[in-house]
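**Q** Sharing a model prediction with you, sequence too.
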Amino acid sequence: MINESMLETAFAVITERTAGSNESERALSFKDLYDEVATRLEMNEDERKARIGHFYTDLSIDGRFVELTDNTWDLRSNHTYDKVHIDVNDVYSDVEEEVEEEDEEEKAFIGEVGTETGGTGDGEEEKPATEDIESLGIKKEDIGL
């Protein structure tokens, strides 16, 4: 294997592709980019499999690269700020909505669990689930019941 950084090789691959190309021809799918990098670095199949995750992570973190639609990659310098900027407020609002949905689901689940009855199934009288909890030495107040 040639002793060269995978990121430097990826940068060279995209830079070479940039010369005289329009935007749609420059961007490479992650698979195509990784295949080209692995080929140039003369990686065998085991090395390719072992290093793909590390390469993806490094590519994502390196500020020279930008992920476009459909997992295609290009150099950040080839794009305007407006095109590649992600508004963090949009991301946070999406996360907040997901958390609210999870809270509602959790409350519904806790409501169901708190009203279930327990029993052994062998004809023994069933007791409310809260009595089973108390038999374990846990107070209902400690867990919000």
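**A** Cool, the structure landed.
**Q** CA only for contacts and neighbour counts going forward, please
**A** Fine.
**Q** can you map out the helices along the chain?
**A** Along the chain, counting by DSSP state H, helices occupy 6-18, 23-26, 30-40, 45-61, 81-84, 88-115, 129-135.
**Q** Would you single out the least confident of the ones you listed?
**A** Sorting the helices of the chain by mean pLDDT places helix 81-84 lowest, at a mean of 56.
**Q** Could you break this protein into its assigned domains?
**A** 6-83, 88-143 (automatic domain parsing).
**Q** Who are the contact partners of Leu7?
**A** Each residue near Leu7 by Cα atoms under 8 Å, 6 or more residues apart in numbering is listed here: Phe55, Asp58, Leu59.
**Q** for the residues you listed, which one is nearest Asp142?
**A** Asp58 (45.3 Å; Cα to Cα).
**Q** neighbours around that closest one, how many?
**A** By the criterion of other Cα atoms under 10 Å, Asp58 has 14 neighbours.
**Q** Could you check how far the residue nearest to it when sequence neighbours are not counted is from Ser77?
**A** Once flanking residues are discounted, Asp58 sits nearest to Leu7: 7.5 Å by Cα to Cα, 6 or more residues apart in numbering. Distance, Leu7 to Ser77, by Cα to Cα, to the nearest Å: 15 Å.
**Q** and what of Glu102?
**A** Using Cα to Cα, we find Glu102 at a distance of 39 Å from Ser77.
**Q** cool, and Val13?
**A** Going from Val13 to Ser77 by Cα to Cα gives 15 Å.
**Q** which one of these two has more residues nearby?
**A** Set Val13 next to Ser77 and count neighbours by other Cα under 10 Å: Val13 wins out with 19 against 11.
**Q** State the distance from the more buried one to Ala108.
**A** Distance of Val13 to Ala108, computed by Cα to Cα: 53 Å.
**Q** for Asp62, same thing?
**A** Look at Asp62 and Ala108: by Cα to Cα, they are 43 Å apart.
**Q** Any idea how many residues pack against Ala10?
**A** Ala10, neighbours per other Cα under 10 Å, totals 23.
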